[in-house]
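**Student:** 3D model of this:
(chains A and B)
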Amino acid sequence: MKFLLSKQYIAWYFLVPVLIVHFLVVALPSVLSLALALTDWNGFGKINYVGLENFYELFDDRYFKKAVWHNIIWTCLFLTIPIALALTCAYLLTGIKRGQMIYRLCFFFPYMLASIISCQIWKFIFHPLYGFPAWLNSKSIDLIPAVSPFTIKETSLYAVAFVDGWHFWGFLVVIYITGMYQVDNSLYEAADIEGATKFQKFRFVTFPLIRPVFIFSLVIIIIWSIPTFDYIWILTQGGPAYSSEVVATNLYSQAFDRFNVGYSSAIGTLMCIYTIFIVSIFAILRKLGWEI
Amino acid sequence: MIKKLFIVFIASFFSLISFGAIAKTTVTWWGETNADRDPVFIEKLVKSFNESQDEVELVMEFKEALNDVLRTAMLSGEGPDIVETPGPSYVKEYQEAGLIASMQGYSDQYGWEDKLLPWSYQAGVFDGEFYSAPKTFESMIMLYNKTLFEENGWSVPTTLSEYEDVAGKIKAAGMNVFAYGSTGWQPTHEHLVGMYLNSYAGPDNVYKALIGEKKWTDPVFVEAVELLRKHMVDDGYWSGSLENYYALGWDDFHAMFASRGAAMMTIGTWTFGTTTSSFADISDEWDWAPFPVLRDSGDASYLLALGTTMSINASSDNQDAAAKVLDFVFSNKDVVLDMAADFQFGEFVVPLYFSADDIKASVSPQVKRYLLDFADATGKGNYGYTTWTFWPADPGVHIWKDMEVVWAGDISVEDYMYDHQKLWDKARKKNQLLPVGAR
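**Tutor:** The predicted structure is shown next:
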């Protein structure tokens, strides 16, 4: 009895409530969802076991494949543009002594806005009748056609990614800048003595030392890109013509519009397997001694 | 002594009141929340029902995302006594799962079949029993700016050639043919597909396809969808272009119609309230007409549609009391008409038998004419079918969602209809078809 009250278990006891909530709200439904993937449940009535039928159907579903491809594009976009922009701006900001907070606040502000607000702002900016391009056209300035990029199948995915990226990149600036402030100033002084340029200081001093933060940002972007939903749903609902459909919107539509809950659980299962795969890669690399 | 007697009197009085309150059966009814609608329901329906008798207390609760909340509650054996769903495809799922009770006994007891319009009653009959009653019905119509039409000498089209002719004239005058858009509600496309299927192929053919006597791959349906594709993509009838149609929402297209940005608007009768208000302060006058027959001749028809349905929860302990509430709705035409008048018959239009004298003076003459015309035409069997009332869930989503793929030019109309037929075959095999009623 006494050993149960020993210090080594105290932390466990404090964590138990969280564990219970997590088990009931996350773990248990997740396991049930895995089981539902093997059924044809419609979300209401009888549950029939169908084996791997949902998965066979899924691999034959052209719109699911399209959605997966869009998720890959989405991940690639977020792994490049916001990161490059955020790294550059964060590095430049570290050199600004006065007014830095104003910049940081401006960059971070979109991240504090609710997704519905960000979306409405951009939707209105590109509104074909009352938006900015329409206003320019009314002044006989035909720089941009008065057509919303969210409604063109060639641009819809990129337009939504732009809005989401606009809201997200300020967050990256803040975490990179925090990492950069951890770098020992004497290293920059040494680099100055060696005559290093600003780019060389970034390449050989800053970047190697913020690598854990950088890798963390890569991991969260890859993981967060999988269930991406809100911006796409609000702006295009996956359209037009599935041109901005991603796996999460496909899952939602199957579950709540078409009542194919078993099928959508199969989609959810694949998303879960993919996430575990990504996290495992990083865990293995860490085991292999990579500094991530 | 007097003080003691007074206390006993007060205690007895409150006991009686409490006993009265306890003796009443409480019936709960969940509805989708809406700032304009909710107070009218409380004031005109709940209050009048509760004042009409002292056995049942009706409590109406309004929920955000009602469908999701309701499904969760029902699956766990909870939920309200009166269950509201967005349409028959939901009723079918609840009925199959045994989550709603058969109302056949109550229908026989109260004579609901004689009180409701036949097509609307039939839409609630599943496996031979009555499971859901309509809370509101609607139809697709074509609104037009009457003043504008008169100024330009345009005639309201009734056939395909007249339709394309007037559309050309409207475009030549620098206006959009129709104001309409789908942002905020992507299934808007199904309004147009349903109109073209019924107006081009004809309601008889649509009926045959619904009951499985005709395939959706039949050339008559392919041609109907091809005509819609041409009018939408090549001719830009709706808001000028496909992209604009995708970008405009409810407020946008109403503003476009009221400001002469477009001469006409294809929409459901749920718009009556908004259209009446948007034309209230301008000199132009609006009017409506049935959507033209997309052939050289023929009678226009009204598409039948149910907006919301009402059922009784199978796990309710107060089913008899819930049936009393529903019977109050079906038996009190004045209450229903009074509420519907508040929305210019865009909401709470329970499909009862109305006559011209029943309709209040506050209802606009255009709406009144529609109600009488609808009753007359549908009474003669001149009606078609909307996708959201007669299509099962999976084909019902395909009809609007994949329409965009056709408009984008990614697949042909033939392939689209082939996929559609496959989904119907699947739904038929799984016994997911919805009641259509004999034609």
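**Student:** for chain B, give me its nearest residue in chain A.
**Tutor:** Here the residue of chain A nearest chain B is residue A:45; by C-beta to the nearest C-beta that distance is 3.1 Å. Every residue, glycine included, has its C-beta placed from N, CA and C.
**Student:** wait, that residue touches residue B:98, no?
**Tutor:** Yes. Counting by C-beta atoms under 8 Å, residue B:98 is a contact partner of residue A:45 at 7.1 Å.
**Student:** just give the nearest non-adjacent residue to whichever residue of the stretch 201-350 of chain B sits closest to chain A, would you?
**Tutor:** Residue nearest to chain A within the stretch 201-350 of chain B: residue B:246 (3.7 Å; C-beta to the nearest C-beta). Sequence neighbours aside, residue A:151 is the residue nearest to residue B:246 in space, at 3.7 Å (criterion: C-beta to C-beta, 6 or more residues apart in numbering or on different chains).
**Student:** my read: that neighbour touches residue A:240, true?
**Tutor:** Yes. Using C-beta under 8 Å, residue A:151 is in contact with residue A:240, at 6.0 Å.
**Student:** common neighbours of those two, please.
**Tutor:** Shared contacts of residue A:151 and residue A:240 (C-beta atoms under 8 Å, 6 or more residues apart in numbering or on different chains): B:242, B:246.
**Student:** looking at the two, which is more packed in?
**Tutor:** residue A:151 (27 against 23; other C-beta atoms under 10 Å in any protein chain shown).
**Student:** and that one, what are its phi and psi?
**Tutor:** Per-residue torsions, residue A:151: phi -110, psi 10 (degrees, to the nearest 10).
**Student:** where are the low-confidence patches of chain B?
**Tutor:** Along chain B, the parts satisfying pLDDT under 70 run over B:1-22.
**Student:** just to revisit the earlier point, quick check, the residue of the stretch 201-350 of chain B closest to chain A in a helix?
**Tutor:** Yes. Under DSSP: H, G, I helix; E, B strand; the rest coil, residue B:246 falls within a helix.
**Student:** measure it to residue A:91 for me?
**Tutor:** The gap separating residue B:246 from residue A:91 is 40 Å, by C-beta to C-beta, to the nearest Å.
**Student:** neighbour-wise, which of these two wins?
**Tutor:** Set residue B:246 next to residue A:91 and count neighbours by other C-beta under 10 Å: residue B:246 wins out with 29 against 20.
**Student:** the more buried one contacts residue B:182, correct?
**Tutor:** Yes. Using C-beta under 8 Å, residue B:246 is in contact with residue B:182, at 5.8 Å.
**Student:** of residue A:45 and residue B:98, which one has the most company?
**Tutor:** residue A:45 (16 against 12).
**Student:** gap between the more buried one and residue A:173?
**Tutor:** 50 Å.
**Student:** what is the burial count for residue A:142?
**Tutor:** For residue A:142, using other C-beta under 10 Å, the count is 10.
**Student:** pretty sure it sits against residue A:135.
**Tutor:** No. Under the criterion of C-beta under 8 Å, residue A:142 is not in contact with residue A:135, lying 12.0 Å apart.
**Student:** show me where pLDDT drops low in chain A?
**Tutor:** Using pLDDT under 70, chain A drops low at A:1-2, A:292.
**Student:** and with 80 instead?
**Tutor:** Scanning chain A for pLDDT under 80 picks out A:1-8, A:290-292.
**Student:** what parts of it come near chain B?
**Tutor:** For chain A, the residues in contact with chain B (C-beta under 8 Å from any C-beta of the partner chain) are A:42-46, A:123, A:126-129, A:147-148, A:150-153, A:237, A:239-243, A:253, A:256-260.
**Student:** please check these and keep the buried ones.
**Tutor:** A:42-45, A:123, A:126-129, A:147-148, A:150-153, A:237, A:239-243, A:253, A:256-260 (16 or more other C-beta atoms under 10 Å in any protein chain shown).
**Student:** return the subset of those residues lying in helices.
**Tutor:** Among these, the members falling in helices (DSSP state H) are residue A:123.
**Student:** by contact count, what packs against the host helix or strand of residue B:30?
**Tutor:** Per DSSP states H and E: residue B:30 is located in strand B:25-32. When contacts are defined as 3 or more C-beta pairs under 8 Å, 6 or more residues apart in numbering or on different chains; DSSP states H and E, strand B:25-32 sits against strand B:56-63, helix B:66-75, strand B:82-85, helix B:319-331.
**Student:** try it again at 6 Å.
**Tutor:** The helices and strands touching strand B:25-32, judged by 3 or more C-beta pairs under 6 Å, 6 or more residues apart in numbering or on different chains; DSSP states H and E, are strand B:56-63, helix B:319-331.
**Student:** put together JSON lines for those, with distance to residue A:3 on each row.
**Tutor:** Formatted as JSON lines, these follow (distance: least, C-beta to C-beta, whole Å):
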{"stretch": "strand B:56-63", "distance to residue A:3": "51"}
{"stretch": "helix B:319-331", "distance to residue A:3": "58"}
